[in-house]
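K.L.:
One predicted model, sequence on top.
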Amino acid sequence: MRFRGFLIIAVLLALALPAVCADNILINSRDWKDVYSGMQYGFHTGVQPKFLVSEQHSTIILSDLPVEQPLTVLNSRKNPFVVGYGSLLTGKGYTVDELEFNSLSLELAEMLSDINNYIIIDDSYGYNSIAVAPYAIASKSFVLFADRNNIGEVENFLESRNPGIVLIYGHVDREVKDRLASFNPEIINMDGDRFANNVEIVKKFMEISPTQQVILTNGEFIEQELMSGQFPVLFIGIQNVPPKIHDYIVNSNIQVGVLIGNELVGTATTVRRDTGISTFVKFARSARQSEGPIAQVEGLDIFRLPSIDLSLSIEGITYNSLTNQLEVTFKNNVEIATYFKGTYTVISGDQQQTVGDTEPVFIDGSDTKTVVYDVDPISGDEIIARVFVIFGESKDALERTLQGEIAVKRVEVLDDTAISIEKVVYQKSRGSFLISVENIGALDVYVDTELHDVLVAGERQTFAAKEVIKISPGAKKNSVVPADLAEEDFDSNPRIKVRAYYGQRENALVKILEGEFDLIISTFDVLIYLPIIIILLLIFLILWRRKRKKKHHS
């Protein structure tokens, strides 16, 4: 196998991590958190850890495990790949110490009496576990998973250990931060940007164990070398190298990058070309089940983690000849909010011009958005747009690409709509912002609103209305933007940045109005108390009528 212009090494078993002669650990669980915790435990104790990836793998992996070496099997009580695996191994001559767990994370942490530093992450973001894994081993720390549901258990465990250092990495629930505040934790979270966070944890690794080599991956799977702590892990994008990663490599002393797996060869090639570092690929190992006289190879043992599956598409592109604007309509095909940044080369005959975004554009989950660009007049009948869009889960994590050529339709629409934003109110009882919008034009107008850079638990977030509202001329209406804010967030947001997309066509909101507004806090919601008010008025009316009848009869 050959990859053009790329230096490749198929790292076989002989080049794998050096084996520990005394013992081996084997993890038998379908839960990635168990596998991750078991791998941590193994490397912290100096014992070679391995894991199952399927039922069939339970016999294939035995060729990696010398029968004369004692073997510890960590079994998931609820979700193993193989039930009764210990007895199967004993029958094959292994000396087996078999342990069963409900959840390996805290139970294994309790067994590591010499480890007293802890890293806290949320298991909703599997890639964070890969980012911190090398630093955890290098700093003699154990990674614990915490969210609002299990933070009580984690807090009790930490109180029992009196930890030296607690590090909270990435986005975690507010309750986790609050409950762990007494441990004076260090926090690494650059507004939820996984690439910026990754760079920060690599810097901390380099302070402990300086090296010129890094491992390149995307954080979507567990593999033995990723977990070993020998080299830091640096994320590269799936299809695009985020600027934070590029800039860090260029300004660091990194000379070598080893890509684990061959799924990101294209991106790794870009890293090599743009930064000048040497890049190698570890994509295979010697086959454990040989077939035929020719030496065989097989894929690496990897355990997949939950990943964020983004999907963005372009529903259509139009050229409005009355306004000389290019209108590009996007559809977010998943429920996860996404940022994108596009470049569009518009071609008509011999005429060619390029437009695009200077800043990333936000599109909410399952939403549709039209972005508008001013262009020079286009005279030809046939118009083609060459599209190149990068997108991702945050402003600085644009790691995926969307590209192609799309035929551009010509339209003639003069949009004379106009709006004004009156005020921004946060209604505690509804957990929502209410953006008061007035239609100051002569036509019906459709409006969609967004709030940018809202600080929630110290993290900047973008919120969007769940529906487009229609406002008649001269009327006012509230655009409702759900957002869960706590009391401490109000002081962090004295003013709110509002962006309103509006227009005459509901599916093409081609106008934008932006502004900053003082935040008004409201604890009273008429809609909630209206039924009570109506009941009280009815009671008052009934009593008043009875009193009137009595006076009439008397």
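P.N.:
Okay, I see it.
K.L.:
Hmm, Ala136 and Ile208 touching each other?
P.N.:
No: Ile208 is beyond contact range of Ala136, at 11.1 Å (criterion: C-beta atoms under 8 Å). (Each C-beta comes from the backbone N, C-alpha and C, glycine too.)
K.L.:
Domain map for the chain?
P.N.:
13-304, 312-411, 419-523, 527-554 (automatic domain parsing).
K.L.:
quick one on the thing from earlier: which of Ile208 and Ala136 has more residues huddled nearby?
P.N.:
Taking neighbours as other C-beta atoms under 10 Å, Ile208 and Ala136 compare with Ala136 leading, 26 against 13.
K.L.:
right, and the helix or strand after the helix or strand containing that one?
P.N.:
Taking DSSP states H and E as the definition, Ala136 sits inside helix 126-138. Proceeding N to C from helix 126-138, the next assigned helix or strand is strand 141-145, under DSSP H and E.
K.L.:
and Leu312, how many residues sit next to it?
P.N.:
Around Leu312 there are 20 residues (other C-beta under 10 Å).
K.L.:
pLDDT of stretch 154-172, averaged?
P.N.:
Stretch 154-172 carries an average pLDDT of 97.
K.L.:
repeat for stretch 353-363
P.N.:
98.
K.L.:
Now do the buried residues in that stretch.
P.N.:
Val355, Asp357, Pro360, Val361, Phe362, Ile363 (16 or more other C-beta atoms under 10 Å).
K.L.:
same check, this time on stretch 212-228
P.N.:
214-228.
K.L.:
of these, closest to Val411?
P.N.:
Asn218 (40.1 Å; C-beta to C-beta).
K.L.:
Could you check how far the closest one is from Glu399?
P.N.:
For Asn218, the distance to Glu399 equals 8 Å [C-beta to C-beta, to the nearest Å].
K.L.:
what touches both of the two?
P.N.:
Both Asn218 and Glu399 are contacted by Ile236, Gly237, Ile238, under the criterion C-beta atoms under 8 Å, 6 or more residues apart in numbering.
K.L.:
quick check, the second one in a strand?
P.N.:
No: assignment of Gly237 by DSSP: H, G, I helix; E, B strand; the rest coil gives coil, placing it outside any strand.
K.L.:
Identify the residue spatially nearest to it, adjacent ones excluded.
P.N.:
Glu399 (2.7 Å; C-beta to C-beta, 6 or more residues apart in numbering).
K.L.:
burial of that neighbour, as a residue count?
P.N.:
25.
K.L.:
same deal with Glu412?
P.N.:
Neighbours of Glu412 (other C-beta under 10 Å): 9.
K.L.:
ok so, going back, looks like the residue nearest to Gly237 contacts Ile245 (just checking).
P.N.:
No: the pair Glu399 and Ile245 fails to qualify as a contact (C-beta under 8 Å) at a distance of 9.2 Å.
K.L.:
overlap in contacts of those two?
P.N.:
Counting by C-beta under 8 Å, 6+ apart, the residues touching both Glu399 and Ile245 are Phe195, Ile236, Gly237.
K.L.:
Wait, the last one touches Gly392, no?
P.N.:
Yes: applying C-beta under 8 Å as the test, Gly237 and Gly392 come out as touching, 7.4 Å apart.
K.L.:
higher neighbour count, the two?
P.N.:
With neighbours defined as other C-beta under 10 Å, Gly237 and Gly392 compare such that Gly392 has more, 27 against 22.
K.L.:
And the closest residue to that one other than its chain neighbours, how close does it get to Gly404?
P.N.:
Spatially, and ignoring its direct neighbours in sequence, Gly392 is nearest to Leu398 (4.3 Å; C-beta to C-beta, 6+ apart). Distance of Leu398 to Gly404, given as C-beta to C-beta: 17 Å.
K.L.:
higher neighbour count, these two?
P.N.:
Taking neighbours as other C-beta under 10 Å, Leu398 and Gly404 compare with Leu398 leading, 24 against 10.
K.L.:
Run through the residues that contact that one.
P.N.:
Gly237, Asn240, Pro242, Tyr339, Phe340, Lys341, Pro360, Ile390, Phe391, Gly392 are the contacts of Leu398 under C-beta under 8 Å, 6+ apart.
K.L.:
quick one: which of those residues sit in helices?
P.N.:
If you go by DSSP state H, those have nothing in helices.
K.L.:
Between the residues you listed, which sits nearest Asp191?
P.N.:
Distances from Asp191 to the contacts of Leu398, taken by C-beta to C-beta, are shortest for Tyr339, at 11.8 Å.
K.L.:
residues touching that closest one, list them.
P.N.:
By C-beta under 8 Å, 6+ apart, the contact set of Tyr339 is Pro360, Val361, Phe362, Ile363, Phe391, Gly392, Glu393, Ser394, Lys395, Ala397, Leu398.
K.L.:
Next: Phe463.
P.N.:
Phe433, Glu450, Leu451, Val454, Val481, Pro482, Ala483.
K.L.:
please redo it, this time with the cut-off set to 6 Å
P.N.:
Leu451, Val481, Ala483 (C-beta atoms under 6 Å, 6 or more residues apart in numbering).
K.L.:
Shouldn't it be within a strand?
P.N.:
Yes: with three-state DSSP as the criterion, Phe463 is part of a strand.
K.L.:
Could you point out the bridge partners of it in the sheet?
P.N.:
Leu451 (DSSP bridges).
K.L.:
Can you report how many residues neighbour Tyr446?
P.N.:
19.
K.L.:
In this structure it contacts Glu506, no?
P.N.:
Yes: between Tyr446 and Glu506 there is a contact at 4.5 Å, judged by C-beta atoms under 6 Å.
K.L.:
Now do the shared contacts for these two.
P.N.:
Val468.
K.L.:
what's the distance between Ile384 and Gly365?
P.N.:
30 Å.
K.L.:
Please say which of these two ends up with more neighbours.
P.N.:
A direct count of neighbours by other C-beta under 10 Å for Ile384 and Gly365 places Ile384 higher, at 16 against 13.
K.L.:
Could you find the closest non-adjacent residue to that one?
P.N.:
Nearest one to Ile384, counting by C-beta to C-beta, 6+ apart, is Ile347 at 4.7 Å.
K.L.:
Any idea how many residues pack against that neighbour?
P.N.:
18.
K.L.:
Bridge partners for it, pull those for me.
P.N.:
Applying DSSP bridges to Ile347 gives these bridge partners: Gln352, Ile384.
K.L.:
Please enumerate the shared neighbours of Gly237 and Gly392.
P.N.:
Common contacts of Gly237 and Gly392 (C-beta under 6 Å, 6+ apart): Glu399.
K.L.:
then stretch 177-193 to PDB, C-alphas only?
P.N.:
Extracted C-alpha coordinates of stretch 177-193, given in PDB (Å, rounded to 0.1, in the frame of the first residue of the first chain):
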ATOM      1  CA  LYS A 177     -18.100  22.900  38.800                       C
ATOM      2  CA  ASP A 178     -20.100  24.000  41.800                       C
ATOM      3  CA  ARG A 179     -19.700  20.700  43.800                       C
ATOM      4  CA  LEU A 180     -15.900  20.600  43.100                       C
ATOM      5  CA  ALA A 181     -15.200  24.200  43.800                       C
ATOM      6  CA  SER A 182     -14.000  23.300  47.300                       C
ATOM      7  CA  PHE A 183     -11.100  21.400  45.800                       C
ATOM      8  CA  ASN A 184      -9.800  24.600  44.100                       C
ATOM      9  CA  PRO A 185      -9.600  22.900  40.700                       C
ATOM     10  CA  GLU A 186      -7.700  24.100  37.700                       C
ATOM     11  CA  ILE A 187     -10.000  24.500  34.700                       C
ATOM     12  CA  ILE A 188      -9.100  24.100  31.100                       C
ATOM     13  CA  ASN A 189     -12.100  25.100  28.900                       C
ATOM     14  CA  MET A 190     -11.600  27.600  26.100                       C
ATOM     15  CA  ASP A 191     -15.400  28.200  25.400                       C
ATOM     16  CA  GLY A 192     -15.900  24.500  24.600                       C
ATOM     17  CA  ASP A 193     -13.300  24.500  21.700                       C
END
